[in-house]
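Visitor: need a structure here:
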Amino acid sequence: MTVKIGISLVAWQNDDLPELTKDYTTEGAMEDAAKIGYSGVERGRRMPADTEGLHDYLDRYGVALCGGWCSGNLMVATVEEEREAIRQQVEQFAALDAPCIVYAECSNSIQGAQVTPVSRRPELTRDEVMSYAAKLSEVAKWARDKGVDLSYHHHMGAMVQDAEDIDWLMEGSSDDLTLLYDTGHLHFAGADPVAVLDKWGHRVHHVHFKDVRQPVLDWVNAEDKSFLDGVAAGVYSVPGDSEGCIDFQAITDKLKTMDYKGWIVVEAEQDPAKAPPFENSKLGFDHITQICGRSGLTIEK
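Guide: Here you go, the predicted model:
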């Protein structure tokens, strides 16, 4: 079995906190990612929007498209309206052989509101999430029929955030909807990343690796700060950082056991003044390479 290692360019180009990364360009980020050895990148907002232009842009740096964010609005839209809203991205990602669209509901999320404490995120009932999941299954099946998977991203500040929310979403949806498994968001939400993988590994189609600095997380919770306050303060880091608290070896061991064959993507939004992007991204790449080797996961170049 093989896995591929990709990266989100958020360390160089943070769309939610642009002031943090104003001194960095997408082109520089692409050059760094390719130089480090990443096989793919997730699409950023500053990349070409048209399919041919994006294909040529990726080709220039010798990397594949390994996913990309999609802000969902299905809580306030019909299935038909949501299909039309994301049609261009679905067709583009299918044409570029991307593994998935990283889908998350954003109509009611507070993840981008720096003045709103993450504790005030929307909390839905089980029935509400299950009803939403049924609608989302229709969109996911439509996308899969067009050639690309929808992988749902549980996210801090969103209605699907913790392990219970994930349970409800997965229980209420068909297998057409896959799960994006994000270590950092799970730990931030108070979930056990290994336990979630034990329960829902068969639905995991895409993986994000990021570590958490526990003292910063404790500060966010104690002071009732926002998600973006935590990001700016350094709550996230890359795998391999000595300040991190997640056991990635246990997770790659589990991925090996479940015969995972997809992408492992480094996504660790940080202040580049405190965590230089090239050095930190290389640290993450090197650490993942090492632990995959110990787990018996072969990395496809």
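Visitor: State the number of residues packed around P276.
Guide: Residues lying near P276 (other C-beta atoms under 10 Å) number 12. C-beta: built from backbone N, CA, C; applies to glycine.
Visitor: Give me the phi and psi angles of it.
Guide: Backbone geometry at P276, expressed as degrees, to the nearest 10, gives phi -50, psi 130.
Visitor: Look up how far Y24 lies from it.
Guide: According to C-beta to C-beta, to the nearest Å, P276 stands 10 Å off from Y24.
Visitor: ditto for Y38
Guide: To Y24, Y38 is 16 Å away according to C-beta to C-beta.
Visitor: higher neighbour count, those two?
Guide: Neighbour count, other C-beta under 10 Å: between Y38 and Y24, Y38 has more, with 26 against 18.
Visitor: Which residue is the nearest non-sequential neighbour of that one?
Guide: Of all residues not flanking Y38 in the chain, I7 sits nearest, at 4.7 Å (C-beta to C-beta, 6 or more residues apart in numbering).
Visitor: Please read off the pLDDT at that neighbour from the model.
Guide: Looking at I7, its pLDDT stands at 98.
Visitor: count of residues packed around it?
Guide: Other residues lying near I7 total 31 when counted by other C-beta under 10 Å.
Visitor: Please apply the same query to E52.
Guide: Using other C-beta under 10 Å, E52 is surrounded by 11 other residues.
Visitor: Going toward the C-terminus from the helix or strand harbouring it, what's the next helix or strand?
Guide: Taking DSSP states H and E as the criterion, the element that holds E52 is helix 51-61. Next along the chain after helix 51-61, taking DSSP H and E as the criterion, comes strand 64-72.
Visitor: which residues touch the following helix or strand past that next one?
Guide: Remark: after strand 64-72, the chain's next helix or strand is helix 79-95, criterion DSSP H and E. Helix 79-95 has contacts (C-beta atoms under 8 Å, 6 or more residues apart in numbering) with 51, 54-55, 65, 67-68, 70, 72-74, 77, 100-101, 103, 135, 138-139, 142-143, 146-148.
Visitor: Repeat that for stretch 237-249.
Guide: Outside stretch 237-249, the residues touching it (C-beta under 8 Å, 6+ apart) are 183-184, 187, 193-194, 209-214, 266, 268, 270, 275, 280-281, 283-284, 286-288, 291, 294-295.
Visitor: Can you give me the buried ones in it?
Guide: Going by neighbour count (16 or more other C-beta atoms under 10 Å), the buried part of stretch 237-249 is S237, V238, P239, G240, D241, G244, I246, F248.
Visitor: cool, stretch 250-264 as well?
Guide: The neighbour-count criterion (16+ other C-beta under 10 Å) identifies I251, T252, D253, K254, L255, K256, Y260, G262, W263, I264 as the buried residues of stretch 250-264.
Visitor: farthest-separated two in the residues you listed?
Guide: Farthest pair in the buried residues of stretch 250-264 (C-beta to C-beta) is D253 and W263. Separation: 18.0 Å.
Visitor: Leaving out the residues flanking it, which one is nearest to the residue nearest in space to the middle of the chain?
Guide: Centroid-nearest residue in the chain, with C-alpha atoms, centre = their mean: H208, separated by 4.9 Å. Of all residues not flanking H208 in the chain, D182 sits nearest, at 4.1 Å (C-beta to C-beta, 6+ apart).
Visitor: Quick check, the one you found in contact with K210.
Guide: Yes - look at D182 against K210 with C-beta atoms under 8 Å: they come within range, at 7.1 Å.
Visitor: Pull up the overlap in contacts between those two.
Guide: E267.
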